[in-house]
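A.B. asks: With the sequence up front, the predicted model follows.
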Amino acid sequence: MRSAVKTQPVRQALFSPEEYLTLEREADERHEWLDGVVYKMMGESPEHSIICSNINAELNIQLRGKPCAAFSPNMKVRAQLLPTPGMNGLFAYPDTMIVCGKPVFHDQYQDVVINPKVIIEVLSKSTMDYDRGEKFDRYAANKSLTDYLLVSQTYPRIQHSIRKPRGRWEFVIETKLNRSIAIASTKCKLKLANVYDRIEFPPLELVPPQSV
């Protein structure tokens, strides 16, 4: 069963990639395209917005003078678009994306990247299963992608998936605010204390010990 995406489809009829992009470039709201179906994106929480801003600020400083650049959430990425019947593929808005070298774009409008190096998504309850599952599978079809990071907005936790030789993926998880996630492919580090700056976490619920 397909994981839940952002919302219900805008309509049941399928859109071609060209139809989607034409409509999206004129739309006031953002939508994602998955196998011909267009989904309206939900608004973001204050925590989501702050974390995205913190990550982009950190990356922009560390990437200065390097052949890599971080792109804002307004830049789309194309993934797993295959020239086969049924219109397989994904057009999405990653929360943060890094491209190394010259960006390669889908068309002359230069608003859809097809060679991401790093993709970072800030999780929400409505999309976390999709971001961890099917969306990651689609992103991973881009051979340029070496790193995929999932950032919790409810407690300190970053999961970093790293592409290894022969296409194998391994992941590490960091939960301590005084520790960092190293993105070796771009020579960047994300310290959790900086990622979660100005974020107030709910107190942990302590479970009382059970009597014997």
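C.D. replies: Arrived safely, thanks for sending.
A.B. asks: Mind giving me the packing neighbours of the helix or strand hosting Ile120?
C.D. replies: Following DSSP states H and E, one finds Ile120 within strand 118-122. Under the contact criterion of 3 or more C-beta pairs under 8 Å, 6 or more residues apart in numbering; DSSP states H and E, strand 118-122 touches helix 46-62, strand 96-100, strand 147-151. All C-beta spots, glycine's among them, are computed from the backbone N, C-alpha and C.
A.B. asks: Quick one: those as JSON lines, columns for distance to Arg25, mean neighbour count and mean pLDDT too.
C.D. replies: Output for those, formatted as JSON lines (distance: least, C-beta to C-beta, whole Å; neighbours: other C-beta atoms under 10 Å; pLDDT from 0 to 100):
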{"stretch": "helix 46-62", "distance to Arg25": "22", "mean neighbour count": "17", "mean pLDDT": "97"}
{"stretch": "strand 96-100", "distance to Arg25": "19", "mean neighbour count": "22", "mean pLDDT": "98"}
{"stretch": "strand 147-151", "distance to Arg25": "27", "mean neighbour count": "23", "mean pLDDT": "99"}
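A.B. asks: okay if I get the ones you listed as JSON lines plus distance to Val38?
C.D. replies: Formatted as JSON lines, these follow (distance: least, C-beta to C-beta, whole Å):
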{"stretch": "helix 46-62", "distance to Val38": "22"}
{"stretch": "strand 96-100", "distance to Val38": "21"}
{"stretch": "strand 147-151", "distance to Val38": "24"}
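A.B. asks: Those: which one's closest to Glu121?
C.D. replies: With C-beta to C-beta as the criterion, Glu121 lies closest to strand 147-151 of the helices and strands packed on strand 118-122, at 5.7 Å.
A.B. asks: Can you give the distance from the closest one to the centre of its chain?
C.D. replies: 7 Å (C-alpha atoms, centre = their mean, to the nearest Å).
A.B. asks: Let me see the ranges of the helices in this structure.
C.D. replies: Ranges of helices within the chain are 17-24, 46-62, 128-132, 134-140, 192-195, based on DSSP state H.
A.B. asks: Please identify which of those helices is closest to Ile158.
C.D. replies: Using C-beta to C-beta, these put helix 192-195 closest to Ile158, at 6.5 Å.
A.B. asks: Run through the bridge partners of the residue most central in space within the chain.
C.D. replies: Nearest residue to the geometric centre of the chain (C-alpha atoms, centre = their mean): Glu121, 3.1 Å. Counting by DSSP bridges, Glu121 forms beta bridges with Leu150.
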